[in-house]
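Chemist: Coordinates for the following, if possible.
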Amino acid sequence: MVSATGCECDPSTEGYCPRHRCFKIKKLRELCATDQRYFDQGERWEMPQQWEAGATACVHRGVTAIDARDCESCGKHVQVKIFACALHGRCAMAKDFDGIKNCSTCPDRDNGAKRFVIHDGLSLGDIVCLTGAVKALRDSLMWRVEVDTRTSCPELWEHCPYVTPLADDKATAVRADYDRGRYASVHASNQRPVHQVEAYCESLAREIGEAFTVRDWLAPSILLSSEEKGWTSQFQEITGKPGPFWIVNAGIKGDYTAKRWNGWQDVIDRTCDRVAWVQIGASEHRHPALSRAIDLRGKTDLRQLVRLVYHASGVLCGVTGLMHLAHWVERSPLIPFRRHAVVVSGGRESPSWFAYPGQQIFHTIGELDCCAHGGCWRSRVTAESDGDPKNESLCEHPRETQGLCMEMIDPAAVADTVLRLAQ
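Modeler: Numbering: from 1, shown residues only. Here you go, the predicted structure:
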């Protein structure tokens, strides 16, 4: 049976569903594969099976079932338990019946969970990492904690099953910035191999008083709705083909010129006969135009970029938000087993701080005196005329517009890696 909904399980069997993280009997797998309503319920994290016992618990609901009703949408194969409710008389855990409240959607439901609103005003790459940390929090603590977010990139949280809409006066506000303004985790990353997502987990654990860590590095934390998945990608709108294609981000922010690499066009020239390229980049940043690439610079809002990454087979970039999106955005069924990422990082940051399993990292850590034992964390190649304090953090080995560590990255080697992955 071919799934009509996006379900990835074999509907002829029963077992654990890695997408919705619960055990499904064969009938539920069949419904999830054929009925969009059931699949969307799993996407919204509303299946009772998705939570451990007590996930849909409510302090107002009785412990013992007092009645049962046939589930019509399940062909009466399942009976839904009915419980006494101190507020509404009777309720069902996750099903609508006339005259009976659905506890999972009831605004009065209170399962006794701790509730937090997470605040973070950092840049795109940081917030993408935060989605991974929030996913880790919910994977570990499940229903015991509910969180909502107030961040600089609210579009990343659309259709996210790991957040619960919470009013500010109904939850405790916490700061998510992984260093509490001191960049302690960054400074320690040369001595302790900690990933930025793990640093967020450590910071949030301190704030909420519950220890947790990343259990699953592979499942996505940024999801698309079923409607979004059915939309034509910008690449297909332009070319008339669904893919495959790769995204390239060849730009930098003006305050961090130490990330600049001058080999992007060389890589495109060496690969464009076999790889279709799409160039992206925010209009307020420095993104020189690349020939032989579809130009979408300044033409994607954040949600459009998420959808573009969903369809992309791979990305080529420096240490920036795109490489984090490549890991955490779910992938189209047309992408067979993973979305590739080729990252040019030089010697500024230790790979343990930003790299994900399976990504190809071109770095020079250990090859120069300035990055002999870890990243140099310098901001700029040469001073800019903006008076920014980052002018005090300059590259030790500047080579005109890029640092020596970036000059050492061979475009031919990068191109060969792209071609090998794009086969």
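
Chemist: list the contacts for Thr131?
Modeler: With contact set as CB atoms under 8 Å, 6 or more residues apart in numbering, Thr131 has these partners: 156-157, 160, 162, 221-222, 328. From N, CA and C alone the C-beta is placed, and that goes for glycine too.

Chemist: Likewise for Lys114?
Modeler: Counting by CB under 8 Å, 6+ apart, Lys114 touches 144-146, 172, 208, 210.

Chemist: right, and the pair among those residues with maximum separation?
Modeler: Greatest spatial distance among the contacts of Lys114 (CB to CB): Arg144 and Thr172, at 14.2 Å.

Chemist: so what's His311 closest to, chain neighbours aside?
Modeler: Of all residues not flanking His311 in the chain, Ser233 sits nearest, at 4.2 Å (CB to CB, 6 or more residues apart in numbering).

Chemist: Could you check how far that neighbour is from Arg109?
Modeler: 38 Å (CB to CB, to the nearest Å).

Chemist: just Asp369 next, same as before
Modeler: 60 Å.

Chemist: So for this structure, the centremost residue is which one?
Modeler: Note on the chain: the residue nearest the mean C-alpha position is Trp328, at 3.1 Å, using CA atoms, centre = their mean.

Chemist: report the longest strand in this protein, please.
Modeler: Counting residues, the longest strand found in the chain (DSSP state E) is strand 61-70.

Chemist: Who are the packing partners of the next helix or strand after that one?
Modeler: Heading C-terminal from strand 61-70, the first helix or strand you meet, by DSSP states H and E, is strand 79-85. Packing partners of strand 79-85 (3 or more CB pairs under 8 Å, 6 or more residues apart in numbering; DSSP states H and E): strand 61-70, strand 89-92.

Chemist: Would you mind pulling the contact partners of stretch 10-18?
Modeler: Here stretch 10-18 makes contact (CB under 8 Å, 6+ apart) with 1, 3, 8-9, 22-26, 29-30, 32-34, 42, 219.

Chemist: Apply 6 Å and report the result again.
Modeler: With contacts defined as CB atoms under 6 Å, 6 or more residues apart in numbering, stretch 10-18 is touched by 1, 9, 23-26, 29-30, 33.

Chemist: Then stretch 165-181?
Modeler: For stretch 165-181, the external contacting residues (CB under 6 Å, 6+ apart) are 115-120, 130, 148, 185, 199-200, 203, 207.

Chemist: quick one: which of those is nearest Leu290?
Modeler: Leu130 (29.9 Å).

Chemist: in which helix or strand would I find that closest one?
Modeler: Using DSSP H and E, Leu130 maps to helix 124-141.

Chemist: same check, this time on Leu308
Modeler: Using DSSP H and E, Leu308 falls in helix 302-311.

Chemist: Distance check, Arg274 against Glu284.
Modeler: Using CB to CB, one obtains 33 Å as the distance from Arg274 to Glu284.

Chemist: no no, Leu394
Modeler: In terms of CB to CB, Leu394 sits 23 Å off from Glu284.

Chemist: quick one: the residue nearest to His311 from Ser313, how far?
Modeler: For Ser233, the distance to Ser313 equals 12 Å [CB to CB].

Chemist: and the helix or strand that the helix holding Leu308 is followed by, how far from the chain's centre?
Modeler: Proceeding N to C from helix 302-311, the next assigned helix or strand is strand 314-317, under DSSP H and E. With CA atoms, centre = their mean, to the nearest Å as the basis, strand 314-317 stands 16 Å off its chain's centre.
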